[in-house]
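**Q** okay, predicted coordinates and the sequence, questions at the end:
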Amino acid sequence: MNIIISNSNDRPIYEQITSQIKGLIMGGQLKEGDLLPSMRTLAKELRISVITTKRAYEDLERDGFITTVVGKGSFVRETDTRLVREEKLKQIEGLLSKAISLARQSAISREEVEEIIEIIYQEE
């Protein structure tokens, strides 16, 4: 599993791990039943604290992306399409929020932003 940690990123390391693993699951690179590296192994590979990887795995489990079996490890759970949709909506909201903020700073009207969205949507 190829996870890249950036110390210059504003997000905490555990969030970087969580979002990258979610991306791998939603993108299909990790499939239902796949075994994730142990917390210790991942911590060693990334040269970070086991506490950090533990936090990331706990968040992934809480969000329904993985399940942990004591003595066996952490596995990718069956993909819940509602969960994936909700995660994608959250990402879209974040991106649109940034775009709207930039539009306001640039005195670009809501109508112009909506027109841009409509044009982009039709292109694809």
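**A** Great, that's in hand. Residues are numbered from 1 along each chain as shown.
**Q** where along the protein do the helices fall?
**A** Using DSSP state H, the helices of the chain run over 13-26, 39-46, 50-62, 81-105, 110-123.
**Q** any idea which of those scores lowest on pLDDT?
**A** Ranked by mean pLDDT, the helices of the chain end with helix 81-105 at the bottom, a mean of 88.
**Q** contacts for it, please.
**A** Contacts with helix 81-105, where a contact means Cβ atoms under 8 Å, 6 or more residues apart in numbering, come from Lys22, Met26, Asp63, Gly64, Phe65, Ser109, Arg110, Glu112, Val113. C-beta: built from backbone N, CA, C; applies to glycine.
**Q** what does the domain assignment say about the protein?
**A** As given by automatic domain parsing, the domain ranges for the chain are 13-76, 81-123.
**Q** okay if I get the ones you listed as TSV plus distance to Met1?
**A** What follows is those, written out as TSV (distance: least, Cβ to Cβ, whole Å):
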stretch	distance to Met1
domain 13-76	6
domain 81-123	19
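**Q** just the ones you listed: most buried one?
**A** The highest mean neighbour count among those, using mean count of other Cβ atoms under 10 Å, belongs to domain 13-76: a mean of 16.
**Q** residue closest to the middle of this protein?
**A** Taking Cα atoms, centre = their mean, the centroid of the chain lies closest to Ser19, which sits 2.6 Å from it.
**Q** cheers, nothing more for now.
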